[in-house]
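> give me coordinates for this.
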Amino acid sequence: MLELPFKLILASGSPRRQALLQEMDVPFSVRLQEVDESYPKELAAEKVAVYLAGKKAAAYHISDEELLLTADTVVVLDGEVLGKPDNAAEAAILLRKQSGKLQTVITGVCLRTTNDTVTFSSTSSVLFNHLTDEEIQYYIQKYQPYDKAGAYGIQEWLGNIAIARIEGSYTNVMGLPTEALYNALRSFEL
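Presented below is the predicted three-dimensional model:
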């Protein structure tokens, strides 16, 4: 178990990120505030996640005793960043785009104290099987994936039936690359 000289603050409402940290046995608390998640359109798709994690971290005020953790996950398909859908129609469009294709999932992470900032990213490749319209509609209706990049959660039904192959970190695809995070947190240990 890590012994951090800081109180770890997770700046995310994501239940998946919270569960992954709990499974790592890392004590933390959650702090939330609204942060604009826009990014420069000319920014390369591979850099968006780290950019947004850093932008989120810069928006928070922390004390000398705190270590802030922010993260952002994006799905990149054919050079296009697939965001979070606002509704069922957008979710269906995103899932149809990914059907039968290889995509890249990138999570950017920022760890910040009042004296130091560490950023990194993790990249995984995910190959989808072909999805039928019925499968897409079932998934959207049952799981309402509106808070997920690319409109899916790998840990849900769709991940169980539609992911043909994954290369890289499974937890990265969930939204927090725990193996890389653990190593980064070790640099803050006592």
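> break down this structure into its strands, ranges please.
Assigned by DSSP state E, the chain shows strands spanning 7-10, 29-30, 66-77, 80-82, 102-112, 117-128, 163-167.
> for the shortest one, the averaged confidence score.
The average of the pLDDT scores along strand 29-30 is 98.
> partners of it, with directions?
Sheet partners assigned to strand 29-30 using DSSP bridges are listed as strand 7-10 (parallel).
> what residues does the strand it pairs with touch?
17-18, 21, 26-31, 60, 62, 65-69, 185 (CB atoms under 8 Å, 6 or more residues apart in numbering). Heads up, the C-betas are built off the backbone N, CA and C, glycines and all.
> now do stretch 183-190
Contacts for stretch 183-190 (CB under 8 Å, 6+ apart): 2-6, 8, 26, 67, 109, 111, 113, 118, 120.
> turn those into a markdown table, columns for distance to L94, neighbour count and pLDDT.
Below are the contacts of stretch 183-190 laid out as a markdown table (distance: CB to CB, whole Å; neighbours: other CB atoms under 10 Å; pLDDT from 0 to 100):
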| residue | distance to L94 | neighbour count | pLDDT |
| --- | --- | --- | --- |
| L2 | 36 | 14 | 81 |
| E3 | 41 | 7 | 85 |
| L4 | 37 | 16 | 89 |
| P5 | 42 | 10 | 92 |
| F6 | 37 | 19 | 96 |
| L8 | 32 | 18 | 97 |
| V26 | 32 | 18 | 92 |
| L67 | 34 | 20 | 98 |
| V109 | 23 | 25 | 98 |
| L111 | 30 | 23 | 98 |
| T113 | 36 | 17 | 97 |
| V118 | 31 | 14 | 96 |
| F120 | 26 | 16 | 98 |
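> much appreciated, bye for now.
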